[in-house]
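Chemist: how would this look folded up:
(chains A and B)
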Amino acid sequence: MRLLFAALSAFLVAIAPALAAGSPTLDRVKKNGYLRCGVNEGLPGFASPDSKGNWTGMDVDFCRAVAAAIFNDPKKVRFTPTSAKVRFTVLQSGEVDLLSRNTTWTMSRDTQLGLEFVGVIYYDGQGFMVPKKLKVTSAKQLNGANVCTNTGTTTELNLADYFRSNGLKYKVIAFEKNAEVLAAYDAGRCDAYTTDASGLYAERLKLKNANDHIILPEIISKEPLGPLVNQGDQQWGDLIRWTLFAQLNAEELGVTSKNVDQMLKSANPEVRRLLGVEGAFGESIGLTKDWVVRIVKGAGNYGEIFERNVGQGSPLKIKRGQNALWNKGGLHYAPPVR
Amino acid sequence: MSQRRPPRVVMPGPVEWLRENLFSTPFNSVLTLVALFLIYWIVVPFVQWAFVDAAWAGTTRDACLERENGACWPFIIQRVDQFIYGFYDVAERWRVDIVLGALAAGLLWLTLPRMPAKRGIGTLMLTLFPVVAFVLLVGGFGLERIPTERWGGLIITLVVAVTGIAASLPLGILLALGRRSELPVVKGLSIAFIEFWRGVPLITVLFMAVNMLPLFMGVSVNKLLAALIAVALFSSAYMAEVVRGGLQAIPKGQYEAAAAMGLGYWQSMIFIILPQALRLSLPNIVGNFIGLLKDTSLVSIIGFFDLLGIAQVGTSDANWATPNTALTGYVFVGAVYWAMCFSMSRYAKHLEGVLASGEKR
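Modeler: As a prediction, the model looks like this:
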């Protein structure tokens, strides 16, 4: 009997790596020859086609990073634009392998849909935009303000909570469509415009004089946006999660798309492990040793992706803020590769 | 004996013309003034915005920001390729050009009066053209395959509309005949089909076909194919009712006369009844076609960027975000839709005149 157990456990130990090495999703992606990625139908800075017809944006570049990790070619992605209504359905039905579509990580979405959030790619949250001429520098100075926003969204509830808890008076002016809110704000019907901060930066560009308006530093709600995969394929989830972590770690260690080849010669053991010079970390998620080199070369580190799409390299000019690394005062903190 | 005199021909002067046509009664005078005011109120600012104050040259949003009270035409000019081809591979766009060119040439040949060999061209357009267009657009036979996800803009709009139009007329005629048939099974099935498709909204049909079928049944069909089938079935149900209206307007004597001449069912339908019925229902048929062309923008619900969708998604490019980008996009797309619908409508009017020549004396 004991012998049988010993034999059985020896067998299990023997096949464990084989079991772990199998990811049906990764196999399917490799067989197709491309990654199928669900993205937004058009959101400035996150997913939008440029005038040449190439998709650009943070969510889009994350798909490219995954494709680069798998195929060593960031172009091997097919983007499926999905509306907010169908985004979970297309992932559940297997129409896409990965949903990278500015989706807020909430408990109900994580636990009730059979889907898995793999991490946070962008910490968004509700903010305020005000005209510079009001000389307001903090949301706490907005006592008695008329605030414009969209009807029937959680932004209205967050607004009520924030003003009540700070003992401030306000009047809300709500509209159905973004364009209507912006027109009312531009016409001076309200003193402040509130919605998710990334949206404020995008809407600001549509104002007649974008530079006459500022976004206040206060963020009054938590909207952590992250990519999702289907539950049940642990290794595929690991692969996506560690692609994100690899981009964050690359930024932390100063590995960029430009210097990655020199960094291969770095003496820093953390860099050597990250880039696969030492150890075989990529192989544990079904990839090759040089997986991070591929990611950084193909799509860039996290900071590069941020600045290119929403930061100083883009018209949006969003500051890093909460999206800085943990050692620069932000929230992004990736576990180490070791 | 009264002497016959030629009628006096008086060309009315401009003042007389105005008095007769625009200011004949006080009420008409008021109407004229109101109309003039409306034209002044709407047309003048529009022209000012769309042409006078508009930005025309430039390759970035800065050009449009400088002219903040006018349309942002560089946004359209920079993206005109995207409006036509969507994300179709640049190196393969000649294939689309051939298809669009052949379609335009074929339609012109058939619609212009007094062109030779119309029957031959028509047969080609109905048989060879769809096959060639399919191979060119999709790929295969040595051509690179272009997945339909990369199609967009005018191609999507035209593919959906032309397929819908070409399929709905014959299907609709058959369904209309079926609904008036005396065979209970044929009649019952036709009624069930028509009433089912007329009872559900197109947007629901598209959503079900593309997102729900794969989830429930585990089968995944090409999204564009599913949309084409859905649009064809949907519009054929409407077409059937239009044709049935025409069939009911034919006096019973025509049916009896056809029977008296010894014509069978199909012969009498094809040679006697349908030509008259279709002529009667022509305005409604074209109305349906125009509606169908505009309904194609609903494919945006299933992730395709048709002409309207490509304009909308373009406005999400932060590099082109300006106060006037979205409005310019909508105005441009509206103008393209209007041009397509108006030319259909004018051709139908011309056709009505030609077909009604038998009724003139």
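
Chemist: list the buried residues for stretch B:265-284?
Modeler: Using 16 or more other C-beta atoms under 10 Å in any protein chain shown as the test for burial, stretch B:265-284 gives B:268-269, B:272-274, B:276-282, B:284. Using the backbone N, CA and C atoms, a C-beta is placed for each residue, glycine as well.

Chemist: to clarify, my last question referred to stretch B:24-36.
Modeler: Within stretch B:24-36, judged by 16+ other C-beta under 10 Å, no residue is buried.

Chemist: cool, stretch A:276-284 as well?
Modeler: A:Gly276, A:Val277, A:Phe281, A:Gly282.

Chemist: got those residues as JSON lines, with pLDDT columns?
Modeler: Listed next are the buried residues of stretch A:276-284 as JSON lines, based on pLDDT from 0 to 100:
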{"residue": "A:Gly276", "pLDDT": "94"}
{"residue": "A:Val277", "pLDDT": "94"}
{"residue": "A:Phe281", "pLDDT": "93"}
{"residue": "A:Gly282", "pLDDT": "93"}
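
Chemist: relative to chain B, which of those is nearest.
Modeler: A:Gly282 (29.4 Å; C-beta to the nearest C-beta).

Chemist: and residue 42, what's its pLDDT?
Modeler: You didn't say which chain, so I picked chain A. Looking at A:Gly42, its pLDDT is 89.

Chemist: actually chain B
Modeler: 94.

Chemist: alpha carbons of stretch B:148-161, as PDB, please.
Modeler: Output in PDB follows, covering the C-alpha atoms of stretch B:148-161 (Å, rounded to 0.1, in the frame of the first residue of the first chain):
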ATOM      1  CA  THR B 148     -13.500  40.700 -42.500                       C
ATOM      2  CA  GLU B 149     -12.600  42.400 -39.200                       C
ATOM      3  CA  ARG B 150     -10.300  44.600 -41.200                       C
ATOM      4  CA  TRP B 151     -13.000  45.800 -43.600                       C
ATOM      5  CA  GLY B 152     -14.600  49.000 -42.800                       C
ATOM      6  CA  GLY B 153     -16.000  52.300 -44.000                       C
ATOM      7  CA  LEU B 154     -17.700  52.500 -47.400                       C
ATOM      8  CA  ILE B 155     -16.900  48.900 -48.200                       C
ATOM      9  CA  ILE B 156     -18.900  47.600 -45.300                       C
ATOM     10  CA  THR B 157     -21.800  49.900 -46.000                       C
ATOM     11  CA  LEU B 158     -21.900  49.000 -49.700                       C
ATOM     12  CA  VAL B 159     -21.400  45.200 -49.200                       C
ATOM     13  CA  VAL B 160     -24.200  45.000 -46.700                       C
ATOM     14  CA  ALA B 161     -26.500  47.300 -48.600                       C
END
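
Chemist: and the nearest residue to A:Gly321 once chain neighbours are set aside, how many neighbours?
Modeler: The shortest distance from A:Gly321 to any non-neighbouring residue, by C-beta to C-beta, 6 or more residues apart in numbering or on different chains, is to A:Gly330 (6.9 Å). Residues lying near A:Gly330 (other C-beta atoms under 10 Å in any protein chain shown) number 14.

Chemist: quick one: the residue nearest to B:Asn69 when sequence neighbours are not counted and B:Pro323, what's the gap?
Modeler: Distance criterion C-beta to C-beta, 6+ apart; nearest residue to B:Asn69, sequence neighbours excluded, is B:Asp53 at 4.8 Å. As judged by C-beta to C-beta, to the nearest Å, B:Asp53 and B:Pro323 stand 12 Å apart.

Chemist: these two: who's more crowded?
Modeler: B:Pro323 (20 against 15).

Chemist: pretty sure the more buried one is touching A:Ala210, no?
Modeler: No - judged on C-beta atoms under 8 Å, B:Pro323 makes no contact with A:Ala210 at a distance of 9.4 Å.

Chemist: contacts only, for the nearest residue to A:Ile285 once chain neighbours are set aside.
Modeler: Distances taken as C-beta to C-beta, 6+ apart place A:Leu239 nearest to A:Ile285, at 4.6 Å, with adjacent residues excluded. Contacts for A:Leu239 were tallied using C-beta atoms under 8 Å, 6 or more residues apart in numbering or on different chains; they are A:Ser23, A:Leu26, A:Val66, A:Ala69, A:Ile70, A:Ile285, A:Gly286, A:Leu287.

Chemist: wait, B:Arg61 touches B:Trp320, no?
Modeler: Yes - B:Arg61 lies in contact with B:Trp320 (C-beta under 8 Å); the separation is 5.1 Å.

Chemist: neighbour-wise, which of those two wins?
Modeler: B:Trp320 (26 against 22).

Chemist: how about the residues of chain B near chain A?
Modeler: B:61, B:68, B:78-79, B:81-82, B:86-87, B:90, B:147, B:149, B:207, B:211-212, B:214-215, B:220, B:300-301, B:303, B:305, B:309, B:312-323, B:325-326 (C-beta under 8 Å from any C-beta of the partner chain).

Chemist: contacts for the lowest-mean-pLDDT helix or strand in chain B next, please.
Modeler: The weakest-scoring helix or strand in chain B, judged by mean pLDDT, DSSP states H and E, is helix B:213-217 (a mean of 73). Contact with helix B:213-217 is made by A:Thr89, A:Gln92, A:Ser93, A:Gly94, A:Glu95, B:Val219, B:Ser220, B:Val221, B:Ala226, as judged by C-beta under 8 Å, 6+ apart.

Chemist: rewinding a little: so the residue nearest to A:Gly321 sits against A:Phe306, correct?
Modeler: No - using C-beta under 8 Å, A:Gly330 is not in contact with A:Phe306, being 10.4 Å away.

Chemist: intersection of neighbour lists for the two?
Modeler: A:Arg320, A:Asn323.

Chemist: so B:Thr328 is in contact with B:Arg67, correct?
Modeler: No - using C-beta under 8 Å, B:Thr328 makes no contact with B:Arg67, being 11.2 Å away.

Chemist: so between these two, which is more surrounded?
Modeler: More neighbours surround B:Thr328 than the other of B:Thr328 and B:Arg67, with 26 against 18 (other C-beta under 10 Å).

Chemist: low-confidence ranges, the stretch 101-250 of chain A, go.
Modeler: Low-confidence segments of the stretch 101-250 of chain A, defined by pLDDT under 70: A:152.
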